[in-house]
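Q: build me a model from this:
(2 chains)
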Protein chains: 2
Amino acid sequence: MASPDPARLSLNTATIRKQWGLAEAIEGCARHGIRGISPWRDQVAGMGLAKAVEATRAAGLTVTGLCRGGFFSAPNWRDDNLRAIEEAHELGASCLVLVVGGMPQGSKDLAGARSQVRDGIGSILPHARAAGVPLAIEPLHPMQVERACVNTLEQALDLCDALDERKSGALGVAVDAYHLWWDPKLEAQIRRAGAERILAYHICDWLVPTRDLLNDRGMMGDGVIDLPRIRSWLEREGYAGFHEVEIFSERDWWKRDPDEVLTTCKERHAHFC
Amino acid sequence: MASPDPARLSLNTATIRKQWGLAEAIEGCARHGIRGISPWRDQVAGMGLAKAVEATRAAGLTVTGLCRGGFFSAPNWRDDNLRAIEEAHELGASCLVLVVGGMPQGSKDLAGARSQVRDGIGSILPHARAAGVPLAIEPLHPMQVERACVNTLEQALDLCDALDERKSGALGVAVDAYHLWWDPKLEAQIRRAGAERILAYHICDWLVPTRDLLNDRGMMGDGVIDLPRIRSWLEREGYAGFHEVEIFSERDWWKRDPDEVLTTCKERHAHFC
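A: Just a heads-up that it's a prediction; the model follows:
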């Protein structure tokens, strides 16, 4: 299979969040010729929203997503999500990524948490639509069900179909290879999604062994995910968006020189994605 | 919901494997009035098969499963599985639990591994049927896809339907609450399985936070799984088999007095299952 277009590479700033603030990350992307960036809200706040907007524009970067909205079990979920939509609008982000949240502390009611998520998305969707900010539901790996009780692409697409039946473009999914690669139905559900529902594609790799449930992701090529195969499924549906590198790595990549991290992302994107 | 019948409690010997050999585990079950046991093959070998058969019969224990066959990517998978079937037959085990194995080292071909599993089960099924040993496919949590590339109940039941269309009783599933509780389709797939396909039910709990992908399971009641709800789904289908406690716990239960572990299993079974 042909190598991916280098112009499709995007940096999720979680990948170098221990080393760089957002201003440095924007400069780093410009310096390395990376054309997309996906910042986290705490980093945007740290830099200041207006400055972040200005700097990303000046660097000519596409903001491939804003991380994150969601967490519908938090007490202030509604206000927080409306602010996130506003920030995503200001940044011109391609989508607002939703990490939907899990069960409140002390609860064992997973089905109830899932109902709450559905209601929560339904509640903010009109605001997102009005602001022109597509909402991207991100299914998280089942081992992270506490952080996000949407855990398969099928489940995320069921939500999309329930809340946005006509595929208006306002609601879709973020397909993260790390979270979804294990799923025997992944290919079929990508087909079901189609390009209309796929708002973002996140990449990294699954290490063997994996030593931590949250922060032990691998650089592309260091693990066992067949990334070219997953990309081929997306491209077959007409997906032509970015490939966003998102690596949480306490033991390795968060400890390295961030310029080395970006160089490695580019190399690995060319050869293993 | 009513407490479960204490006579349905079974001990998977992994729960006390760091403290006890099989002979001690059999004595322990007898002493604590636990009526079922599910041994691992290395422990059976350690005791000697004939002695294990004799001791479990003398204690009047039901052997609720033999752990484990499977690992269809291992070079000797066929001989090993045929031996496991023979051992399960000798022990009068209710089923042989299949942990199906994952991708061979260096491979990224998950779909290929899954085909291999399907072919492997198909190959040993006639032998299991002839020996009167039902095979129980155990879907493992997606975070353990390296050990077992069957990761949802739906996927396991698809295999059952493909290989044993007429529901002969020779092929079914082991439903482990720890591996499956997160799945939004669990209730529906238990309904699909029906009592004919459910050969074993394993219990423990999901700790928050979970610190290890393999050996950090919790005692029932210490985590966030709604075990009575899952039991209700099984019982609605007519499942009347054992509830087998299987806890891999490096940091806690493997360090305790095994008599305390068994006492705790009984108490928690009564109140949290």
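Q: contacts and neighbour counts: CA atoms only from here.
A: Will do.
Q: for chain B, what are the nearby residues on the stretch 101-250 of chain A?
A: A:106-111, A:141-143, A:145-146, A:149, A:151, A:155, A:182-184, A:208, A:210-213, A:224-226 (Cα under 8 Å from any Cα of the partner chain).
Q: what do you get if the cut-off is 6 Å, keeping everything else the same?
A: Contact residues, the stretch 101-250 of chain A versus chain B (Cα under 6 Å from any Cα of the partner chain): A:108, A:224-226.
Q: pull the most distant pair out of those residues.
A: A:Lys108 and A:Asp226 (34.8 Å; Cα to Cα).
Q: the more surrounded of those two?
A: Per other Cα atoms under 10 Å in any protein chain shown, whichever of A:Lys108 and A:Asp226 has more neighbours is A:Asp226, with 20 against 16.
Q: which non-adjacent residue is nearest the more buried one?
A: B:Lys108 (5.5 Å; Cα to Cα, 6 or more residues apart in numbering or on different chains).
Q: return the distance of the residue with the largest distance to the centre of chain A relative to B:Asp222.
A: Distance from the C-alpha centroid of chain A, by Cα atoms, centre = their mean, peaks at A:Gly106 (28.0 Å). Going from A:Gly106 to B:Asp222 by Cα to Cα, to the nearest Å gives 11 Å.
Q: to the chain's geometric centre, what's the distance from the biggest helix by length in chain A?
A: Across chain A, the helix with the greatest residue count (assigned by DSSP state H) is helix A:110-131. Centre-to-centre, helix A:110-131 and its host chain are 18 Å apart (Cα atoms, centre = their mean, to the nearest Å).
Q: name the helices or strands packed onto the helix or strand following that helix?
A: Downstream of helix A:110-131, the first helix or strand assigned by DSSP states H and E is strand A:135-137. Here strand A:135-137 touches strand A:96-99, strand A:171-176, going by 3 or more Cα pairs under 6 Å, 6 or more residues apart in numbering or on different chains; DSSP states H and E.
Q: make JSON lines from these and add mean pLDDT and mean neighbour count to it.
A: JSON lines is the format used below for those (pLDDT from 0 to 100; neighbours: other Cα atoms under 10 Å in any protein chain shown):
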{"stretch": "strand A:96-99", "mean pLDDT": "98", "mean neighbour count": "27"}
{"stretch": "strand A:171-176", "mean pLDDT": "98", "mean neighbour count": "26"}
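Q: find the closest residue to chain B in the stretch 1-150 of chain A.
A: A:Lys108 (5.0 Å; Cα to the nearest Cα).
Q: just the buried residues of the helix or strand containing A:Arg57, please?
A: For A:Arg57, the element it lies in under DSSP H and E is helix A:49-58. For helix A:49-58, the buried set under the neighbour-count rule, 16 or more other Cα atoms under 10 Å in any protein chain shown, comprises A:49, A:52-53, A:55-56.
Q: could you point out which residue ranges in chain A have low pLDDT?
A: In the prediction, chain A carries no residues with pLDDT under 70.
Q: got the residue ranges for the helices in it?
A: A:22-32, A:41-47, A:49-58, A:77-91, A:110-131, A:153-163, A:177-180, A:186-197, A:227-236, A:258-272.
Q: just those helices: most buried one?
A: Stretch with highest mean neighbour count among these: helix A:177-180 (a mean of 22; mean count of other Cα atoms under 10 Å in any protein chain shown).
Q: only C-alpha atoms, please: export that one in CSV.
A: C-alpha atoms of helix A:177-180 as CSV (Å, rounded to 0.1, in the frame of the first residue of the first chain):
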residue,chain,number,x,y,z
ALA,A,177,-6.7,3.2,16.0
TYR,A,178,-5.4,2.6,19.6
HIS,A,179,-8.9,2.4,21.0
LEU,A,180,-10.5,0.4,18.3
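Q: please name every helix or strand in contact with it.
A: Counting contacts by 3+ Cα pairs under 6 Å, 6+ apart, helix A:177-180 packs against no other helix or strand.
Q: leaving out sequence neighbours, find the closest residue to A:Trp182.
A: Nearest residue to A:Trp182 in three dimensions, chain neighbours excluded: B:Pro142, at 6.2 Å (Cα to Cα, 6+ apart).
Q: correct me, but that neighbour touches B:Val150?
A: No. Between B:Pro142 and B:Val150 there is no contact under Cα atoms under 6 Å: 8.3 Å.
Q: which other residues reach the longest helix of chain A?
A: A:72, A:103, A:170 (Cα atoms under 6 Å, 6 or more residues apart in numbering or on different chains).
Q: mind putting these in a markdown table, neighbour count and distance to A:Asp257 included?
A: Shown next, in a markdown table, are those (neighbours: other Cα atoms under 10 Å in any protein chain shown; distance: Cα to Cα, whole Å):
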| residue | neighbour count | distance to A:Asp257 |
| --- | --- | --- |
| A:Phe72 | 27 | 36 |
| A:Met103 | 24 | 37 |
| A:Ala170 | 24 | 38 |
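Q: roughly how far does A:Asp42 sit from B:Arg31?
A: Taking Cα to Cα, one finds A:Asp42 at 57 Å from B:Arg31.
Q: now A:Pro258. Nearest residue, chain neighbours left out?
A: Spatial nearest neighbour of A:Pro258, excluding adjacent residues (Cα to Cα, 6+ apart): A:Ile16 at 6.1 Å.
Q: just A:Pro184 next, same as before
A: With Cα to Cα, 6+ apart as the criterion, A:Pro184 has its nearest non-adjacent residue at 7.4 Å, and that residue is B:Gln155.
Q: the one you found and B:Gly120, how far apart?
A: 15 Å.
Q: so what's the residue in the stretch 151-273 of chain A positioned nearest to chain B closest to, chain neighbours aside?
A: In the stretch 151-273 of chain A, the residue that lies nearest chain B is A:Val224 (5.0 Å; Cα to the nearest Cα). Nearest non-adjacent residue to A:Val224, counting by Cα to Cα, 6+ apart: B:Lys108, 5.0 Å away.
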